[in-house]
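Student: quick one, what's the 3D model for this:
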Amino acid sequence: MNPNDASGELPTDQRPFRVLVVAGSDRRQYNCPGVDSKARALMMMVKDALPARWEIDLEDLGNVYGRAGIRSCNACASTSMALCVWPCNCYEKNSAREPDLMWDLDLYARLDLADAWAFIGPVNWYAPSSNLKLMFDRLVCMSGGNPREDLIEHKNPDLARALERSPEWRELSQNHLEGRTAAFFCYGDGGADELGADGRPRNLRHPDYFDPAREPFEDARQAYAPLVWQCRYSGIEVPDALWRHVPFGQGRPYGDNQAEHLSEHPEVERALSAWVTELVRHVEGKGKVEPGTYRAYGYEPPAHLLEEAKLAWRDIRMRFGKPARGSSAAEQQARGLSRDVTLRPKQGEGEKLRKGKS
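Tutor: Numbering: from 1, shown residues only. Next up is the predicted model:
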């Protein structure tokens, strides 16, 4: 059945099972590729194969011309885990200045509402697609993120570092989506028709630069290992049987390995069917997931005009080389570590060099 977000208000034993299925390719026919991805077609196959009694939520992360993209993580956690707010407050919904697809599509709430997540995507250069990686980078906050932005005045790094050292932090820092199941179905073409018999690209001018026998891994599903292990470290279960890779299209031009060619690869449909069967068996056997203490579903970001004004003043002081005393920024400036005092922070470092500034 289609998702009903109001089910999130029901007691766990009274709502249906729910799964979020995500097509992770960057391609959509409504941008310059001009063609939808195999991931989207596989997502639709999964939807048709899942139990009708489940709520089935779908999302396609492909790039649509003129639509916001998933903005990158700002790495707040590297300053302090307490600065990394759950759900992410680096961006907000319907922002004109920094539009963000994670918020515009309510993905934090939809991940929260689901008992299981099913990700389908290609292997791109020994890695997941850039959009899937962006999504998971923005999910660092589910693993110990701060659910109380009021304690750090929205985004004050000095207050966050102090909170991280406090006894209160142990109670706040939780795996907010723990207990759910994640499944990954990735695929690749092994270089399509670009490789020669020696495993190197045919048009390589310097074949002596590398040995193809030393590729990063023999099992191509390891391309998705960063996402799998991020889930596992965040309390999200990823059984090995739900982490699969299927190769197809080797030796064929990219143009001859589109979604309409999937019917020529019955092994893909068999693998996908087995993956869905195992997903259903595992999720129903495990049972529905109780919501966490701090939910993304139903979350309303607080107003923070005063806090933004304070942060703006902090920014102005740093541009003039006057960071707050005792702050990390002040210590780094005193030691000459970052050399980042500037009235024009948007200016690139290369531009500064070319204008004779060090």
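
Student: so who does residue 251 touch?
Tutor: Residue 251 is in contact with 192, 193, counting by C-beta atoms under 8 Å, 6 or more residues apart in numbering. Every residue, glycine included, has its C-beta placed from N, CA and C.

Student: you'd agree residue 19 is in a helix?
Tutor: No: read with DSSP: H, G, I helix; E, B strand; the rest coil, residue 19 is strand and lies in no helix.

Student: okay, now it: neighbour count?
Tutor: 26 (other C-beta atoms under 10 Å).

Student: tell me the contacts of it?
Tutor: Residue 19 touches 50, 54, 55, 56, 57, 114, 115, 116, 117, 118, 279, 283, counting by C-beta under 8 Å, 6+ apart.

Student: for residue 139, see how far away the second one is.
Tutor: Right, the one you point to is residue 54. To residue 139, residue 54 is 23 Å away according to C-beta to C-beta, to the nearest Å.

Student: residue 282 now?
Tutor: For residue 282, the distance to residue 139 - C-beta to C-beta - is 21 Å.

Student: comparing the two, which residue is more hemmed in?
Tutor: More neighbours surround residue 139 than the other of residue 282 and residue 139, with 25 against 16 (other C-beta under 10 Å).

Student: pLDDT wise, what is that one at?
Tutor: On pLDDT, residue 139 comes in at 98.

Student: can you tell me how far it is from residue 163?
Tutor: Separation of residue 139 from residue 163 (C-beta to C-beta): 21 Å.

Student: and residue 92, by the same measure?
Tutor: 22 Å.

Student: compare neighbour counts for these two and give me the winner.
Tutor: Under the neighbour definition other C-beta under 10 Å, residue 92 and residue 163 were set side by side, and residue 163 has more, 21 against 15.

Student: doesn't residue 150 make contact with the more buried one?
Tutor: No: Residue 163 is not in contact with residue 150 according to C-beta atoms under 8 Å; the separation is 10.9 Å.

Student: mind checking the backbone torsions on residue 85?
Tutor: Main-chain dihedrals, residue 85, degrees, to the nearest 10: phi -90, psi 140.

Student: in the stretch 151-300 of the chain, which spans are helices?
Tutor: 157-164, 168-172, 225-233, 266-286 (DSSP state H, counting those that start in this stretch).

Student: could you give the mean pLDDT of the third one?
Tutor: The predicted model assigns helix 225-233 a mean pLDDT of 98.

Student: with the first one instead?
Tutor: Model confidence over helix 157-164 averages 96 on the pLDDT scale.

Student: by contact count, what packs against it?
Tutor: Under the contact criterion of 3 or more C-beta pairs under 8 Å, 6 or more residues apart in numbering; DSSP states H and E, helix 157-164 touches helix 328-334.

Student: what's the burial count for the closest residue to residue 36 other than its chain neighbours?
Tutor: Excluding the flanking residues, the one nearest residue 36 by C-beta to C-beta, 6 or more residues apart in numbering is residue 29, at 4.7 Å. Residue 29: 12 surrounding residues under other C-beta under 10 Å.

Student: same check, this time on residue 46
Tutor: Neighbour count for residue 46, taken as other C-beta under 10 Å: 23.

Student: look at residue 119 and give its secondary structure.
Tutor: Secondary structure state of residue 119, per three-state DSSP, is strand.

Student: can you pull out the strands in the stretch 1-150 of the chain?
Tutor: Using DSSP state E, counting those that start in this stretch, the strands of the stretch 1-150 of the chain run over 18-23, 55-60, 116-122.

Student: look up how far residue 264 lies from the residue nearest to residue 36.
Tutor: The spacing between residue 29 and residue 264, counted by C-beta to C-beta, is 21 Å.

Student: returning to what we had before: just send the contacts of residue 19 back as CSV, with neighbour count and distance to residue 125 too.
Tutor: Putting those into CSV (neighbours: other C-beta atoms under 10 Å; distance: C-beta to C-beta, whole Å) gives the following:
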residue, neighbour count, distance to residue 125
50, 21, 31
54, 18, 34
55, 20, 35
56, 21, 31
57, 20, 29
114, 26, 29
115, 22, 32
116, 26, 28
117, 22, 24
118, 27, 23
279, 25, 27
283, 26, 32
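
Student: is it true that residue 181 touches residue 232?
Tutor: No: assessed by C-beta under 8 Å, residue 181 is found out of contact with residue 232, at 11.2 Å.

Student: now the common contact residues for the two.
Tutor: What both residue 181 and residue 232 touch, as defined by C-beta under 8 Å, 6+ apart, is the set residue 238.
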